[in-house]
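# Just need the structure, nothing else, for what follows:
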Amino acid sequence: MPGDITGSTNNIPDRIVDGIDIAVVCEAYGSEPRDENWNPDVDINNDGIVGGIDVATVCKQFGKTDL
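Below is the predicted model of the structure:
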C-alpha cells in the first residue's frame, strides 16, 4: 500500500499508514541516493529524490489500513 513504510518490527510494512510513516518520510525529505539520510523505501515515486510528492503520498494515505 503506498505510504505504508514501517511497522512495529524490523521496519516491515504493517499495512497501516500512521504517524511513524510520516516521520520516516519527513526525516529523509530532500535526500538523494548519495546522502546520509537517503532511504529508498520512502522514494515512493522512484525519481531519485525524497520530495514533496513522496511526503504528500504518505500524508494522503494517513489513517488508511489494508487489513
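
# Sketch out the low-pLDDT regions of this structure for me.
Residue ranges of the chain with pLDDT under 70: 8-11.

# cutoff 80 now
Applying pLDDT under 80 to the chain flags the ranges 7-12, 67.

# Which residues are in contact with the most centrally placed residue in it?
Nearest to the mean C-alpha position of the chain, counting by C-alpha atoms, centre = their mean, stands V42 at 3.7 Å. Counting by C-beta atoms under 8 Å, 6 or more residues apart in numbering, V42 makes contact with I5, V24, V25, A28, V50, D54, V58. Every C-beta, even on glycine, is put in place using the N, C-alpha and C of the backbone.

# Need those residues in a markdown table (columns: neighbour count, secondary structure and distance to I16).
What follows is the contacts of V42, written out as a markdown table (neighbours: other C-beta atoms under 10 Å; DSSP: H, G, I helix; E, B strand; the rest coil; distance: C-beta to C-beta, whole Å):
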| residue | neighbour count | secondary structure | distance to I16 |
| --- | --- | --- | --- |
| I5 | 25 | coil | 11 |
| V24 | 17 | helix | 13 |
| V25 | 25 | helix | 15 |
| A28 | 22 | coil | 20 |
| V50 | 27 | coil | 21 |
| D54 | 24 | helix | 18 |
| V58 | 22 | helix | 12 |
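
# Out of these, which comes closest to L67?
I5 (16.5 Å; C-beta to C-beta).

# how about the nearest residue to that closest one once chain neighbours are set aside, what does it touch?
In space, and not counting its chain neighbours, I5 is closest to D21: 4.6 Å by C-beta to C-beta, 6 or more residues apart in numbering. By C-beta under 8 Å, 6+ apart, the contact list for D21 reads G3, D4, I5, T6, V58, Q61, F62.
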